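Participant: pasting the sequence and the predicted model now:
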Amino acid sequence: MLVKIYGSAVFGVEAQTITIEVNTAKGIGYHLVGLPDKAIQESSFRIQAALKNTGYNFPGKKITINMAPADLRKEGSAYDLSLAIGVLAASSQIISEDLHKYIIMGELSLDGSLQPIKGALPIAIKAKEEGFEGFILPKQNEKEAAIVNGLKVYGVEHIEQVIRFFHEGKKLEQCIVDTQQTFYDCLSKPEFDFADVKGQESIKRCMEIAAAGGHNIIMIGPPGSGKTMLAKRLPSILPPMSLQEALETTKIHSIVGRVKENQGLIAERPFRSPHHTISDVALVGGGSYPQPGEISLSHNGVLFLDELPEFKRTVLEVMRQPLEDREVTISRARFTITYPSSFMLVASMNPSPGGYFNDPDAPVSSSPAEMQRYLSKISGPLLDRIDIHIEVTPVPFDKLSEERRGESSVDIRKRVTEARNIQTERFAGLDNIHYNAQMGVKQIRAFCALDETSKTLLKTAMERLNLSARAYDRILKVARTIADLEKQEQIQANHITEAIQYRSLDRDGWLG
């Protein structure tokens, strides 16, 4: 007897429906074809034990299973449940005319209980697009899949529930999630708040500008000056994610199984902080069966690289194209996958191997030559993609001992959101440009016009401070953001003056 069951495979950020054809005939043997990986090939052992421990039989016949399209590689243990239901249906232990209406996915334990799967959200989206009535999956993933409205999602804990649903018509409990309400419920008070930061008012101002314009930022300062603490609080002042951004983020995290159990939508901007020993594949994504890397997991959020010069040069260089295009394309012989990677890069570093400036009173002093050699580990093309450079100095004792709390992240976020709204309106007619950091040369010329006073000021600064040519456009972008924060249509001289301060590494004596 031949039956067809439907599962799904995830490639990139999209899913593809897999037709599982199960045929039983006279003879003995178990044949699984259609390019399954080792985990799928081993499923027969899990299925046999699960069925026996549930009171059903693994048929003693010749069983042939084809996973179509047969030339597409399938991987993972999430097909256990669909294969088991197919075997029971083909051996007439389940009789149902509704099998074709559902996508069925889940990993089986030997006692018949179900383990969570990866990629539940993109699978649910594809199931709805192709007109399936419902999606049966492990209960741990039900809220994640139920984000998709218009698709019946049934979370189950044991294979016996699925068998009775099809064979006996016993109803399953449908999981219903109000996506809009879930989204707004997740917009809670941030865990890290700028109100806890003592002193560092100039750095807070710099972080506010970076958040308002989506600018990449690098902080240079000695150990203990607060670089990591400030970076962790940056997501708390970024504008709240839109529902579309939340869905994009959840989809990527779903693919790698990073959505927390019984959690639906990810509504908080991601903050990723990989260790400096990370490989280039782990950072940008890839592998034999490509998976998203850290830059994609930080999509719509912040990627924090602590101690930037300690990262391998090859790792840093592979970020150049994703920083520019805001997506990363991974090519293999049989297929090409594109992952989104629109993130804010926040980097921190010490000014020298010893960690301190050229200060005779410092615990470990470094010469100017050592500082120059250390800083030059960061390539010019990568530095060219970082708009703001800021020096972070240690906080004095009188600031640390103050009882007064600083301005809260909620208040700063209001100003940042207002500035972003101005930019959204400005770039409404342009594709792929939503905030100032994404402006190209044409947009800079159109929206960053300077009066004569500002031009003279910028020219004088570039000559006296020996700023590089690459600093020119960056200064204009940052000045545009400062003007937006002050709700000024025209860039003023004071905006240029402040923007010039944020190009430390372009000055003579740093990277020259």
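Facilitator: Received it, and whenever you're ready, just let me know what you need.

Participant: for the residue minimising distance to the centre of the chain, what are phi and psi?
Facilitator: For the chain, Leu297 is the residue whose C-alpha lies nearest the centre (Cα atoms, centre = their mean; 2.4 Å). Dihedral pair for Leu297: phi -70, psi -20, per degrees, to the nearest 10.

Participant: touching, it and Arg258? I think so.
Facilitator: Yes - between Leu297 and Arg258 there is a contact under Cβ atoms under 8 Å: 7.0 Å. Using the backbone N, CA and C atoms, a C-beta is placed for each residue, glycine as well.

Participant: quick one: the residue nearest to Pro235 when sequence neighbours are not counted from Gly301, how far?
Facilitator: In this structure, Pro235 finds its nearest non-sequential neighbour in Arg269, 4.5 Å apart by Cβ to Cβ, 6 or more residues apart in numbering. Going from Arg269 to Gly301 by Cβ to Cβ, to the nearest Å gives 4 Å.

Participant: what is in contact with those two at once?
Facilitator: 235, 238, 249 (Cβ atoms under 8 Å, 6 or more residues apart in numbering).

Participant: doesn't the first one lie inside a strand?
Facilitator: In other words, Pro235. No - counting by DSSP: H, G, I helix; E, B strand; the rest coil, Pro235 is not part of a strand but helix.

Participant: quick one: it from Gly287, how far?
Facilitator: On the measure of Cβ to Cβ, Pro235 and Gly287 end up 28 Å apart.

Participant: neighbour count: these two, which is higher?
Facilitator: It is Pro235, of Pro235 and Gly287, that has more neighbours when counted by other Cβ atoms under 10 Å, with 21 against 11.

Participant: my read: that one touches Arg272, true?
Facilitator: No - counting by Cβ under 8 Å, Pro235 sits too far from Arg272 to count as a contact (10.4 Å).

Participant: what sits in contact with each of these two?
Facilitator: Counting by Cβ under 8 Å, 6+ apart, the residues touching both Pro235 and Arg272 are 301-302.

Participant: can you pull the poorly scored residue ranges out of this structure?
Facilitator: Across the chain, the ranges flagged by pLDDT under 70 are 185-190, 262, 357-366, 469, 506-512.

Participant: go again using 50 as the cut-off
Facilitator: Along the chain, the model assigns pLDDT under 50 to residues 508-512.

Participant: what is the longest helix of it by residue count?
Facilitator: helix 409-426 (DSSP state H).

Participant: which outside residues touch that helix?
Facilitator: 189-190, 192-195, 204, 208, 211-213, 233, 236-240, 434-436, 447, 481, 484-485, 487.

Participant: ranges for the strands of the stretch 51-200 of the chain?
Facilitator: Per DSSP state E, counting those that start in this stretch, the stretch 51-200 of the chain has strands spanning 62-68, 102-104, 107-108, 114-115, 134-138, 152-156, 174-175. These are given in chain order.

Participant: burial measure for Thr64, as a count.
Facilitator: Using other Cβ under 10 Å, Thr64 has 18 neighbouring residues.

Participant: bridging residues for it?
Facilitator: Asn23, His31 (DSSP bridges).

Participant: do I have it right that it meets Gly27?
Facilitator: No - proximity of Thr64 to Gly27 does not meet the contact threshold set by Cβ under 8 Å, at 9.9 Å.

Participant: what about Glu324, distance to Val346?
Facilitator: Relative to Val346, Glu324 is positioned 17 Å away (Cβ to Cβ).

Participant: more neighbours: which of those two?
Facilitator: The neighbour count for Glu324 versus Val346, taken as other Cβ under 10 Å, is higher for Val346 (29 against 12).

Participant: surely that one is in a strand?
Facilitator: Yes - counting by three-state DSSP, Val346 is part of a strand.

Participant: need the contact list for it.
Facilitator: Contact analysis of Val346 by Cβ under 8 Å, 6+ apart lists 210, 216-219, 231, 234, 302-305.

Participant: so what's it bridging to?
Facilitator: Ile217, Phe304.

Participant: which of the helices or strands spans Ala446?
Facilitator: Assigned by DSSP states H and E, Ala446 belongs to helix 441-447.

Participant: in the following helix or strand past that helix, what's buried?
Facilitator: Moving toward the C-terminus from helix 441-447, the next helix or strand (DSSP H and E) is helix 452-464. Of the residues in helix 452-464, those buried by neighbour count under the rule 16 or more other Cβ atoms under 10 Å are 454, 457-458, 461-462.

Participant: could you report the distance from the residue lying closest to Val318 once chain neighbours are set aside to Gly301?
Facilitator: Nearest residue to Val318 in three dimensions, chain neighbours excluded: Asp280, at 4.7 Å (Cβ to Cβ, 6+ apart). For Asp280, the distance to Gly301 equals 20 Å [Cβ to Cβ].

Participant: just to revisit the earlier point, redo the buried residues of helix 452-464 as JSON lines? Include distance to Asp37.
Facilitator: Shown next, in JSON lines, are the buried residues of helix 452-464 (distance: Cβ to Cβ, whole Å):
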{"residue": "Ser454", "distance to Asp37": "61"}
{"residue": "Leu457", "distance to Asp37": "62"}
{"residue": "Leu458", "distance to Asp37": "58"}
{"residue": "Ala461", "distance to Asp37": "59"}
{"residue": "Met462", "distance to Asp37": "57"}
